[in-house]
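> here is a sequence with its predicted model. Questions after.
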Amino acid sequence: MHFGTTSQGEDMEVFSLLSSQLEVRITNYGARVLSVVHQGVDVLYGPKTAEELLADTCYCGAVCGRVANRIAGGVFELGGREYRLATNNGPNHLHGGLCGFSDKVWTVDSVSDTAVAMSLVSPDGEEGYPGTVCVKAVYELEGDTLHLHLEARTDATTLLNLTNHAYWNLNGSGTMDDHLLQVCASAYTPMVANIPTGSILPVAGTLYDLTTPACLGERNAADAISGGYDDNYVLPTTQGVKTAAVLTNGMRTLRVATNAPGMQVYTGDYLPLKRGGVALEAQNFPDSPHHAHFPTIELQPGEVYSRTISWQLS
């Protein structure tokens with residue numbers, strides 16, 4: 001269904017996926033999830049109209065790339081060559097630059113009542129990155145679970161780190177301060193000015209310990225995590241898709257599963273509605289090009305990038 005038109009005159013479409021438990025709306029603008037309705041409540045924070053979507057600066061529901069999260073100084077080296085990127089987040093590069101995958105109109109390849117597949121071609125040199133990258137995103141609704149499968153290939157060595165940037169509010173309105181969050185991670189990457197120091201430290205004994213459910217409102221209090229969470233957690237190294245986080249408000253529960261090595265927890269303290277939702281971004285670690293011991297985000301010709309994220313609501 002026609003949803004709107006971009007300033008460049010490109011058509012945006014919206015698609016509804018239906019199961020007995022969920023109703024999901026997805027648009028080809030940024031391959032974004034617009035709404036997830038569970039038991040009559042839309043549990044996704046963010047814009048609902050085309051006008052609101054085009055004005056969004058918080059990546060609501062979007063697939064972010066080429067490189068989600070930050071690259072310090074907007075510069076990296078690859079194959080002995082230095083590449084310079086836009087610094088669109090203070091001195092750093094964020095979520096793919098000035099016009100990343102989140103602001104592109106994707107090509108719709110197939111649609112059914114329970115799935116939609118989209119693709120995007122990012123040409124060599126776009127936003128400063130080398131290589132032509134072909135990306136495919138498939139959203140599939142299965143009962144109480146929404147799956148996102150991301151695949152990509154390149155014709156030259158490049159960097160790639162994709163995620164989905166949905167903000168969750170299980171209340172459907174207001175803030176998510178009453179939510180309890182558990183993250184299945186015993187370590188995190190400490191940050192200074194939103195950039196990892198390079199250390200990987202245990203969460204035990206710190207306010208970053210979410211191995212047991214913690215109330216986000218209490219942790220976000222002024223005398224606790226001042227300014228809220230915007231931190232990367234180190235997920236277990238077991239192969240395949242595994243549970244990474246559990247979010248609950250006492251009435252409903254969201255379980256996030258992924259094959260990503262990390263998860264950025266961002267409590268939305270800079271959203272238009274402060275703490276209107278929490279982002280649980282399954283991804284590689286931030287600033288990976290500058291930390292050789294972090295999981296690599298290099299993608300080589302002949303390789304297939306594969307990322308799965310699943311959201312289960314009960």
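Sure thing, it's come through.
> wait, doesn't Pro261 sit right on Phe285?
Yes - with contact defined as CB atoms under 8 Å, Pro261 counts as touching Phe285 (7.0 Å). (C-beta placed from N, C-alpha, C; glycine too.)
> pull up the overlap in contacts between the two.
Shared contacts of Pro261 and Phe285, defined by CB atoms under 8 Å, 6 or more residues apart in numbering, are found at Val234, Pro295.
> which one of these two has more residues nearby?
Phe285 (25 against 20; other CB atoms under 10 Å).
> let me see the contact set for that one.
Asn69, Thr189, Pro196, Asn232, Val234, Pro261, Gly262, His291, Phe294, Pro295.
> what bridges to the second one?
Meaning Thr189. Taking DSSP bridges as the rule, Thr189 bridges to Asn232.
> sorry, back to before: show the buried residues in the contacts of Phe285.
Buried by 16 or more other CB atoms under 10 Å: Asn69, Thr189, Pro196, Asn232, Val234, Pro261, Gly262, His291, Phe294, out of these.
> could you check the pLDDT of the residue lying closest to the first one once chain neighbours are set aside?
Just to be clear, that refers to Asn69. Leaving aside its chain neighbours, Asn69 sits nearest to Pro286 (4.0 Å; criterion: CB to CB, 6 or more residues apart in numbering). We have a pLDDT of 98 for Pro286.
> hmm, Asn232 and Pro286 touching each other?
Yes - using CB under 8 Å, Pro286 is in contact with Asn232, at 5.5 Å.
> and stretch 304-311, what's buried?
Result for stretch 304-311 [16+ other CB under 10 Å]: buried residues Tyr305, Arg307, Thr308, Ile309, Ser310, Trp311.
> which of those residues fall in strands?
Per DSSP state E, strands hold the following members of those: Tyr305, Arg307, Thr308, Ile309, Ser310, Trp311.
> so can I have CSV of those residues showing pLDDT and distance to Arg255?
Below are these laid out as CSV (pLDDT from 0 to 100; distance: CB to CB, whole Å):
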residue, pLDDT, distance to Arg255
Tyr305, 98, 24
Arg307, 98, 17
Thr308, 98, 14
Ile309, 98, 11
Ser310, 98, 8
Trp311, 98, 7
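> how about the helices in the stretch 151-300 of the chain?
Along the stretch 151-300 of the chain, counting by DSSP state H, counting those that start in this stretch, helices occupy 216-219.
> what bits of it have low per-residue confidence?
For the stretch 151-300 of the chain, applying pLDDT under 70 flags the ranges 222-223.
> repeat the analysis, applying 80 as the threshold.
221-226 (pLDDT under 80).
> for this structure, longest helix please?
For the chain, the helix that runs over the most residues, judged by DSSP state H, is helix 50-55.
> quick one: residues in contact with that helix.
Under the criterion CB under 8 Å, 6+ apart, residues Phe3, Gly4, Thr5, Thr6, Ser7, Met12, Thr27, Tyr29, Arg32, Leu34, Pro47, Cys60 lie in contact with helix 50-55.
> centre of the chain versus the helix or strand following that helix, how much separation?
Where DSSP states H and E defines the elements, the next helix or strand beyond helix 50-55 is strand 63-64. Relative to the chain's own centre, strand 63-64 is displaced by 6 Å; criterion: CA atoms, centre = their mean, to the nearest Å.
> check which helices and strands strand 63-64 sits against.
For strand 63-64, the elements it packs on are strand 163-164, judged by 3 or more CB pairs under 8 Å, 6 or more residues apart in numbering; DSSP states H and E.
> what pairs with the strand it packs on, and is each one parallel or antiparallel?
The strands beside strand 163-164 in its sheet (DSSP bridges) come out as strand 63-64 (antiparallel).
> other SSEs contacting the next helix or strand after the partner strand?
Next helix or strand after strand 63-64 toward the C-terminus (DSSP H and E): strand 70-71. Using 3+ CB pairs under 8 Å, 6+ apart, the elements in contact with strand 70-71 are strand 93-94.
> who's in contact with the helix or strand following the strand it packs on?
Sequence order places strand 107-111 as the next helix or strand after strand 93-94, per DSSP H and E. In this structure, residues lying in contact with strand 107-111 by CB under 8 Å, 6+ apart are Glu13, Phe15, Asn28, Val116, Ala117, Met118, Ser119, Leu120, Lys136.
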